[in-house]
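Undergrad: coords please:
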Amino acid sequence: MTAELSVSLVGLEGAGPWSAGPRAAIEWASAAGFRAVALDATAPGMRPRELDRSARKDLAALLRRLELTCTGLELWIPEQHFQDQSTCDRAIAAVAQALEMAAEVAGGSVSCALPNDVGGDVVGALSLAADRVGATLADHAWPCVDRSQIPGLAFGLDPARVMLAGDDPVNAVFATPPIAARLSDMAPEGRVAPGSGGLDLRAYAAALVTSAASAPVVLDLRSIREPQRVASETRELWNSDSLNPGV
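TA: Residues are numbered from 1 along each chain as shown. Prediction:
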């Protein structure tokens, strides 16, 4: 069977059924048939610094009421912010706050992308922040640097990023087994609905199962046209017999 499919709420809070904010986006995910979500840590009303302990408990209660599993927080800080001295401390602080919130209500994982040449002091600070709260920072940069032996850091895999670099996401799964894998696709015009670009969906699904990836795969809808329709169609496709590696 294919891995469970989660849906990322990044970028969905401003329009359509998500216009009322992140809680409306969470409710949409449940109504759309998803049983897992990844939360946008940059969305107003969902930023870790804005949510005190009581607000986080309310968020956890909402997820339980809707019978949704939270597969983590998403924090797509521009990579250069980890390198620029004027923004580095703020970026590290934002990740530390997200890791703390993830440990409390969001499955203990934060997805981001770190520059390959980021300083060792930055990596050390992020590792310390993750280890302190018992959370994991999943780095989705590609090409990737092997930081798997650093406490609190792990691989994340975004097929669209891998394809943009001219590499094969299926091979990447086996080369760097991810703790957090995404479902995305790439065509010459940019990110597209999964299955409409260069990604071999069946081979990718099979690779994730074969590599024993246990976490839900996160559907990435960033920059996708008609995300509501794409989400529904992708969920049906991902759960169909045509993508079952055993068929």
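
Undergrad: contacts and neighbour counts: CA atoms only from here.
TA: OK.

Undergrad: for this protein, just list every one of the strands.
TA: For the chain, the strands defined by DSSP state E occupy 5-8, 36-40, 69-74, 109-112, 136-139, 153-157, 180-183, 185-187, 190-192, 217-219.

Undergrad: dump those to JSON lines, plus mean neighbour count, distance to Ala61 and mean pLDDT.
TA: As requested, the strands of the chain are exported to JSON lines (neighbours: other Cα atoms under 10 Å; distance: least, Cα to Cα, whole Å; pLDDT from 0 to 100):
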{"stretch": "strand 5-8", "mean neighbour count": "26", "distance to Ala61": "19", "mean pLDDT": "95"}
{"stretch": "strand 36-40", "mean neighbour count": "26", "distance to Ala61": "14", "mean pLDDT": "95"}
{"stretch": "strand 69-74", "mean neighbour count": "26", "distance to Ala61": "11", "mean pLDDT": "95"}
{"stretch": "strand 109-112", "mean neighbour count": "28", "distance to Ala61": "19", "mean pLDDT": "96"}
{"stretch": "strand 136-139", "mean neighbour count": "27", "distance to Ala61": "23", "mean pLDDT": "96"}
{"stretch": "strand 153-157", "mean neighbour count": "25", "distance to Ala61": "28", "mean pLDDT": "94"}
{"stretch": "strand 180-183", "mean neighbour count": "24", "distance to Ala61": "24", "mean pLDDT": "94"}
{"stretch": "strand 185-187", "mean neighbour count": "21", "distance to Ala61": "33", "mean pLDDT": "97"}
{"stretch": "strand 190-192", "mean neighbour count": "18", "distance to Ala61": "34", "mean pLDDT": "95"}
{"stretch": "strand 217-219", "mean neighbour count": "25", "distance to Ala61": "22", "mean pLDDT": "96"}
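
Undergrad: so which of those comes closest to Val170?
TA: strand 153-157 (10.3 Å; Cα to Cα).

Undergrad: that older thread, and the strands of the chain as TSV, adding distance to Asp200?
TA: Below are the strands of the chain laid out as TSV (distance: least, Cα to Cα, whole Å):
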stretch	distance to Asp200
strand 5-8	17
strand 36-40	23
strand 69-74	24
strand 109-112	23
strand 136-139	23
strand 153-157	15
strand 180-183	11
strand 185-187	9
strand 190-192	13
strand 217-219	15
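
Undergrad: remind me, longest helix of this structure?
TA: helix 85-105 (DSSP state H).

Undergrad: show me what counts as buried in that helix.
TA: 88, 91-92, 94-105 (16 or more other Cα atoms under 10 Å).

Undergrad: for it, packing partners?
TA: helix 53-65, strand 69-74, strand 109-112, helix 120-133 (3 or more Cα pairs under 8 Å, 6 or more residues apart in numbering; DSSP states H and E).

Undergrad: who touches it?
TA: Identification of contacts with helix 85-105 by Cα atoms under 8 Å, 6 or more residues apart in numbering yields 41, 47-49, 56-57, 59-60, 70, 72-73, 75, 77, 81-82, 108-110, 122, 125-126, 129-130, 133-137.
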